[in-house]
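Chemist: okay, sequence plus prediction incoming.
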Amino acid sequence: MSANFTSLKELLSQPIQITITTHQKPDGDAMGSSLALYNYLIQFHHRVKVIVPTEFPKYFNWMPGVDEILIYPNSKIEADEWIQSSDLICCLDFNTISRIHPMDEIVKIAQKPILLIDHHLQPDSFQWMFHDIAACSTCELIYRFIHELDEHPSISELTAQCIYTGILTDTGNFQNGATNRNAFLIVADLLSKGLNIQYIQEQLNQSSTESKLRFLGNALLNKLTVRKDLGIAFIVVDKKDAKTYNLQAGDTEGLVNYPLSIQEINISVLIKEEREITKLSFRSKGDINVNDFARTHFEGGGHKNAAGGKSIFPPDWLIKKITELIEKDKKKNK
């Protein structure tokens, strides 16, 4: 937390205009933290808009406040005007301003005070920073931030729904290494605010499409490469898959986690072909640091056990390259 947090409290002590933004292709924690903060701040008559740099998955359409979100490429003029006239910009769930491209330039030009709330490694420096890499999610930090503003805050059921969404998704349903004590304590408190866990589970996990389910089956049957000798597995999603199964934003979310269910596999890599680049998602077990791996070799980063990257090279080349790097590392550590 910034040393000058008192000045932020003073800024928020009366109604102001606020922009909330999050990273490209928002996931559950990005959507949850953005809409949780939105629903909390509007209670105090702040003028607030959530502006996202790209479209978000349709399975978040149930979330409270989602109809008020501006998708930057679709509403550029309105979004630019709002950002430039804002008194505060809240940057949630990302550590560097490039993660909100193509709206990063207008944020830089606007030169407005910025509050960063995030749990990723190595963040850029902003005026106010509420940052903790030990947090299970940015939604955990939103909950803590709200309690910094008010020792006994009024957290509505709508805000509780959003916070729970981010905690649930970023901990992989409370199963991955991000899960901490705070995750359970916060959810226990949210239950007293009227949180309906079953309702949110249904919205997130029981609202899929037939094409997405068939895509998942094909990916695991035909696009999975397993190297038990190296403890690594790859899943490839190519452009043909995207067309065949009419993939929508978020349809590959969680796919990278499946290979980690194999006992001998400690690293899982999802390689997804996009229009101009290839995206990579890394997941790992235990002490294996995929953040360093992604940052060193693939212009990426994230968390110790969950990171992303990108490349201009095709999937086959990337599988070969990553395999070579893992083999080299194993020989070095023998």
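Modeler: The structure has been received and is ready for your questions. Numbers count the residues shown, from 1 in each chain.

Chemist: so His297 sits against Gly309, correct?
Modeler: Yes - His297 is within contact range of Gly309, at 7.2 Å (criterion: Cβ atoms under 8 Å). For every residue, glycine as well, the C-beta is placed using N, CA and C.

Chemist: give the residue from these two that has the larger number of neighbours.
Modeler: Neighbour count, other Cβ atoms under 10 Å: between His297 and Gly309, Gly309 has more, with 24 against 15.

Chemist: Lys76 and Trp82: what is the separation?
Modeler: Noted for Lys76: a distance of 11 Å to Trp82, by Cβ to Cβ, to the nearest Å.

Chemist: domain ranges for the protein?
Modeler: Domain segmentation of the chain under automatic domain parsing yields 5-205, 210-332.

Chemist: point out the most buried one among these.
Modeler: domain 5-205 (a mean of 19; mean count of other Cβ atoms under 10 Å).

Chemist: would you map the strands across the stretch 201-334 of the chain?
Modeler: Taking DSSP state E, counting those that start in this stretch to define them, one finds strands in the stretch 201-334 of the chain at 224-227, 232-237, 267-273, 278-284, 301-302, 306-311.

Chemist: what's the closest of those strands to Pro26?
Modeler: Nearest of those to Pro26, taken as Cβ to Cβ: strand 306-311 at 13.6 Å.

Chemist: so which elements touch the helix or strand of the chain with the lowest mean pLDDT?
Modeler: Least confident helix or strand of the chain, by mean pLDDT, DSSP states H and E, is strand 301-302 with a mean of 86. Using 3 or more Cβ pairs under 8 Å, 6 or more residues apart in numbering; DSSP states H and E, the elements in contact with strand 301-302 are helix 290-297, strand 306-311.

Chemist: ok, the shortest one: who's next to it in the sheet?
Modeler: Yep, that's strand 306-311 we're talking about. The sheet places strand 306-311 alongside strand 278-284 (antiparallel), strand 301-302 (antiparallel), with pairing taken from DSSP bridges.

Chemist: contacts for it, please.
Modeler: Applying Cβ atoms under 8 Å, 6 or more residues apart in numbering, the external contacts of strand 306-311 come out as 176, 178, 277-284, 290-291, 293-295, 297-302, 318.

Chemist: got it, and the first one?
Modeler: Where contact means Cβ under 8 Å, 6+ apart, the residues beyond helix 290-297 that reach it are 121, 267, 280, 282-284, 300-309, 321-322, 325.

Chemist: next SSE downstream of the helix or strand hosting Val50?
Modeler: Using DSSP states H and E, Val50 sits in strand 47-52. Downstream of strand 47-52, the first helix or strand assigned by DSSP H and E is strand 70-71.

Chemist: who are the packing partners of that next one?
Modeler: By 3+ Cβ pairs under 8 Å, 6+ apart, strand 70-71 packs against strand 47-52, helix 76-84.

Chemist: closest to Glu140 out of the ones you listed?
Modeler: strand 47-52 (19.0 Å).

Chemist: now the angle between helix 76-84 and that closest one, please.
Modeler: Angle of strand 47-52 versus helix 76-84, following axes from the mean of the first three to the mean of the last three Cα atoms, to 10 degrees, is 130 degrees.

Chemist: of all the helices and strands packed on strand 301-302, which one is nearest Lys243?
Modeler: So among the helices and strands packed on strand 301-302, strand 306-311 is nearest, using Cβ to Cβ, at 21.1 Å.

Chemist: how far off centre is the closest one?
Modeler: Centre-to-centre, strand 306-311 and its host chain are 13 Å apart (Cα atoms, centre = their mean, to the nearest Å).

Chemist: compute the inter-axis angle for that strand and strand 267-273.
Modeler: Put simply, strand 306-311 runs at 40 degrees to strand 267-273, going by the same axes, to 10 degrees.

Chemist: strand 306-311 to helix 290-297, inter-axis angle?
Modeler: Going by the same axes, to 10 degrees, strand 306-311 makes 20 degrees with helix 290-297.

Chemist: just the C-alphas of strand 306-311, formatted as PDB.
Modeler: The C-alpha trace of strand 306-311 is given here as PDB (Å, rounded to 0.1, in the frame of the first residue of the first chain):
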ATOM      1  CA  ALA A 306       0.500 -19.500 -13.700                       C
ATOM      2  CA  ALA A 307       1.900 -17.300 -16.400                       C
ATOM      3  CA  GLY A 308       1.400 -16.300 -20.000                       C
ATOM      4  CA  GLY A 309       3.500 -15.300 -23.000                       C
ATOM      5  CA  LYS A 310       3.500 -14.800 -26.700                       C
ATOM      6  CA  SER A 311       5.500 -15.600 -29.800                       C
END
